[in-house]
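Colleague: what would the 3D arrangement of this be:
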Amino acid sequence: MRKWIPETRGGIGRKNMAKKKINVMCTAFRDGFQSVFGARVHMDDFAQALEAAVNAGITHFESGGGAMFQSPFFYANENSFENMDRFREIVGPDVNLQTLARGVNVVGLDSQSSDIINLHAKLFKKHGVTTIRNFDALNDVNNLDYSSRCIVDNGLKHEVAITMMELPPGCVGAHDVAFYEKTLRNIIDSGLPYSSVCFKDASGTSIPKKVYETIKMAKRILPADIPVRFHTHETAGISVHCYMAAIEAGADAIDLSMIPVSGGTGQPDILTMMHALKGTEYDLGFDSNKIREVETLFKDCMKDYFIPPEAKSVSPEIPFSPMPGGALTANTQMLRDNDMLDKFPEIITAMSEVVRRGGFGTSVTPVSQFYFQQSFNNVIFGPWEKFAEGYGKMILGYFGKTPVEPDPELVKLASEKLNLQPTVKKVLEINDSDPNKGIEPAKKLLKDSDLEETEENIFIAATCKEKGISFLKGEGKVRVRKVIKSKEGAKYRGDTFMVTVDGKKYPVILKNDIVTVEGQKYKIKVEEGTPDTTKSVPEPTEDTFDIITPFPGTVVKVLREANKRVVKNEVIIIIEAMKMETEIKAPRNGILLSMNVKAGDSVSASQVLAQLG
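Modeller: Below is the predicted model:
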């Protein structure tokens, strides 16, 4: 890598030469929100800052896709398509609005069929998008080919992305310059259309030397008119070094954010990068005073939001367990939701083995979530006792070809536990033959819930499943984390009582419909009237068995009613936690004496869900 030493060329000092402009995409309103707030934001809260950013001269924004498609439905009770329309209305017709797509997975963790992949491009074009950055976490070009053609055929620009990371220490076989060159040549040889190329490091672990050599390689291979962009995060603390390396190697563009969603798990700040480029031959083309004004306003817009401490930190553990910034806070937020944040250090430590043995897929969504889910299961249930469906399917080949072969022992174990055989079929071939995927199954979901059959609703049903249907039915919930203060200015913690039961005192915290007793949370409902004691309720006996949940979560489905007979291993309840669904099965034959939960209920660890007689 060249040193940044002032020099003269032909007697003219470098400081007098025209500087090369490095184009910038502002990620604050997509990746920034995902990396800091877990993508849980209300559009009303940041609309003013967005308008100010346009007025300050920013002409390229990351505006949606990725987690920012599902999260408005899941956590903000907002329609992502309506938000996309409003985003375009605010910035005007000429600004480049770019979204993020995950190849065959488009905007979800699960992969999709051909008709949904095409519908994704069609609808994003309809709702104001200019460019789609499209990547595959396994760098399997087969997963990019069809989606890229859909993007271009629907009138959008396609930025194809190669995903990067640093392997945990001691691992070899992928994620070096030779691997990225092979992937780039596969993209070129495939003939898939693209207008720019991005090297995307979601975990921020790639070292500056490798970044420099990778960008140099790309500039050597690609036509001169194809822009090359580099993307990284500050999570491991080396993002500015990597951006400087990429720029020195010839990168045409980089991604930057703004306070309060810059640094830490996000991208470096625009102002930080402007400072780093002082005295060089490069310039971002912004007025720093105008950017400072935007950031002051942006901070004020988001002042009520809870910023997790880990979102503003650099972690020395990330190179060992490459968790992306955008996934890190999304997962810690879910752990907070379920009162399990204390498990995070153990989970992130367990992730190293999961990455090492899983075939070296890049730690970016959806693979990063598969890594985290499997690490979660290894901590909660014991090492490799329970396979996360996504991780298991990945090492069995259902998401494409991993960069190297996964551990054969794990492949055998996953096949046994998931009752699936390994496959070498292409993902689209599998999905297009799956009767549960595609436009027609999505239409059925809408019809069964008496919902209008628009293309937008079809796509929501296909990519968001039950949660999307709940939103469309008006049953969406708001789970945006804000710091609520009382009139006196202290953080509101609910009402605290001391309750005495059989002579023993218990501190009880009541907040809305949640009661916390000795650290355990219980959802309650208080109504006027007296209970109906005339109904016949089966009395528990010595043979009564309590069916409990192994960890906190949300009830997705209740499949059996009270007073119904069930058989051993019959699924009676489905619980969701950490974006995974867990089946709660009957431990033996019997009659359900009670069913204590319903769909949508939040449940705590070891809570009694039902009683079996």
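
Colleague: which residue comes closest to the residue nearest the centre of the chain once chain neighbours are left out?
Modeller: Most central in the chain under CA atoms, centre = their mean is Ala67, positioned 4.5 Å from the mean C-alpha point. Computed as CB to CB, 6 or more residues apart in numbering, the closest residue to Ala67 that is not its neighbour in sequence is Ala39, at 4.3 Å. Glycine gets a C-beta too; all of them are placed from N, C-alpha and C.

Colleague: secondary structure element holding that neighbour?
Modeller: In this structure, Ala39 sits in neither a helix nor a strand according to DSSP states H and E.

Colleague: list the residues that contact it.
Modeller: Ala39 is in contact with Phe33, Gly66, Ala67, Met68, Gln70, Ser71, Tyr75, Gly326, Ala330, counting by CB atoms under 8 Å, 6 or more residues apart in numbering.

Colleague: swap in Thr59?
Modeller: If you count contacts by CB under 8 Å, 6+ apart, then Thr59 has Asp94, Val95, Asn96 around it.

Colleague: wait, doesn't the last one sit right on Val129?
Modeller: Which is Asn96. No. Using CB atoms under 8 Å, Asn96 is not in contact with Val129; the gap is 9.5 Å.

Colleague: neighbour count: the two, which is higher?
Modeller: The residue with more neighbours, out of Asn96 and Val129, is Val129; 26 against 16, by other CB atoms under 10 Å.

Colleague: phi, psi of the more buried one?
Modeller: Dihedral pair for Val129: phi -80, psi 140, per degrees, to the nearest 10.

Colleague: who's in contact with it?
Modeller: Neighbours of Val129 in contact, by CB under 8 Å, 6+ apart: Ser63, Gly64, Met84, Leu97, Gln98, Thr99, Leu156.

Colleague: can you tell me how far the residue nearest to Ala67 is from Gly326?
Modeller: Ala39 sits 8 Å away from Gly326, taking CB to CB, to the nearest Å as the criterion.

Colleague: common neighbours of these two, please.
Modeller: What both Ala39 and Gly326 touch, as defined by CB under 8 Å, 6+ apart, is the set Gly66, Ala67.

Colleague: the stretch 1-150 of the chain: strands as residue ranges?
Modeller: Applying DSSP state E, counting those that start in this stretch to the stretch 1-150 of the chain gives strands spanning 8-9, 12-13, 20-21, 23-26, 60-65, 96-101, 131-135.

Colleague: in the stretch 51-200 of the chain, where is pLDDT below threshold?
Modeller: Across the stretch 51-200 of the chain, nothing is flagged by pLDDT under 70.

Colleague: redo that, cut-off 90
Modeller: Within the stretch 51-200 of the chain, the segments meeting pLDDT under 90 span 66-67, 108-109.

Colleague: which stretches of the stretch 101-250 of the chain form helices?
Modeller: Along the stretch 101-250 of the chain, counting by DSSP state H, counting those that start in this stretch, helices occupy 114-126, 142-153, 177-190, 208-221, 239-248.

Colleague: which among those is found nearest to Val567?
Modeller: helix 114-126 (35.6 Å; CB to CB).

Colleague: distance from the chain centre to that closest one, please.
Modeller: When distances are taken as CA atoms, centre = their mean, to the nearest Å, helix 114-126 is centred 20 Å away from the chain's centroid.

Colleague: list the buried residues in it.
Modeller: Ser114, Asp115, Ile116, Ile117, Asn118, Leu119, His120, Ala121, Lys122, Leu123, Phe124, Lys125 (16 or more other CB atoms under 10 Å).

Colleague: averaged pLDDT, the top helix by length along the chain. What do you get?
Modeller: Using DSSP state H to define each element, the chain has its longest helix at helix 455-472. In this model, helix 455-472 carries a mean pLDDT of 96.

Colleague: chain center to that helix: distance?
Modeller: That offset, for helix 455-472, works out to 17 Å (CA atoms, centre = their mean).

Colleague: could you say what helices and strands that helix packs with?
Modeller: helix 67-71, helix 114-126, helix 439-448 (3 or more CB pairs under 8 Å, 6 or more residues apart in numbering; DSSP states H and E).

Colleague: possible to save the ones you listed as JSON lines with distance to Val558?
Modeller: JSON lines is the format used below for the helices and strands packed on helix 455-472 (distance: least, CB to CB, whole Å):
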{"stretch": "helix 67-71", "distance to Val558": "23"}
{"stretch": "helix 114-126", "distance to Val558": "28"}
{"stretch": "helix 439-448", "distance to Val558": "16"}
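
Colleague: Phe286 is nearest to which of those?
Modeller: Judging those by CB to CB, what sits closest to Phe286 is helix 67-71, at 23.8 Å.

Colleague: so which elements touch that closest one?
Modeller: With contacts taken as 3+ CB pairs under 8 Å, 6+ apart, helix 67-71 sits against helix 33-37, helix 80-91, helix 455-472.

Colleague: touching, Val240 and Asp269? I think so.
Modeller: No. With contacts counted by CB under 8 Å, Val240 stays clear of Asp269, the gap being 9.6 Å.

Colleague: tell me which of those two has more neighbours.
Modeller: Shown here are Val240 and Asp269; by other CB under 10 Å, Asp269 has more neighbours (23 against 19).

Colleague: I'd say the more buried one and Asp255 touch.
Modeller: No. In this structure, Asp269 is not within contact of Asp255 by CB under 8 Å, at 11.6 Å.

Colleague: just put the strands of the stretch 1-150 of the chain in CSV and tack on distance to Ala610.
Modeller: Putting the strands of the stretch 1-150 of the chain into CSV (distance: least, CB to CB, whole Å) gives the following:
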stretch, distance to Ala610
strand 8-9, 78
strand 12-13, 79
strand 20-21, 64
strand 23-26, 50
strand 60-65, 40
strand 96-101, 41
strand 131-135, 43
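
Colleague: next, the contact list for Glu453, please.
Modeller: Lys443, Leu446, Lys447 are the contacts of Glu453 under CB under 8 Å, 6+ apart.

Colleague: who's in contact with Ala311?
Modeller: Contacts for Ala311 (CB under 8 Å, 6+ apart) come out as Ser35, Val36, Phe37, Gly264, Thr265, Gly266, Gly325, Leu328, Thr329.

Colleague: and the gap between the second one and Gly263?
Modeller: Just to be clear, that refers to Val36. From Val36 to Gly263 the distance is 9 Å (CB to CB).

Colleague: likewise the third one?
Modeller: Look at Phe37 and Gly263: by CB to CB, they are 14 Å apart.

Colleague: ok, back up a step: which one of the helices of the stretch 101-250 of the chain lies nearest to Glu581?
Modeller: helix 114-126 (20.0 Å).

Colleague: and the closest one, what other elements does it pack with?
Modeller: Under the contact rule (3+ CB pairs under 8 Å, 6+ apart), helix 114-126 is packed against helix 142-153, helix 427-432, helix 439-448, helix 455-472.

Colleague: can you tell me the closest non-neighbouring residue to Asp287?
Modeller: In space, and not counting its chain neighbours, Asp287 is closest to Gly57: 6.6 Å by CB to CB, 6+ apart.

Colleague: just Asp269 next, same as before
Modeller: That would be Ser262: by CB to CB, 6+ apart, it lies 3.7 Å from Asp269.

Colleague: who's in contact with the one you found?
Modeller: Ser262 neighbours (CB under 8 Å, 6+ apart): Ala28, Gly32, Glu234, Leu256, Pro268, Asp269, Ile270, Thr272.

Colleague: check what pLDDT it gets.
Modeller: So, for Ser262, pLDDT stands at 97.

Colleague: what secondary structure does it sit in?
Modeller: Under the three-state scheme (DSSP: H, G, I helix; E, B strand; the rest coil), Ser262 adopts coil.
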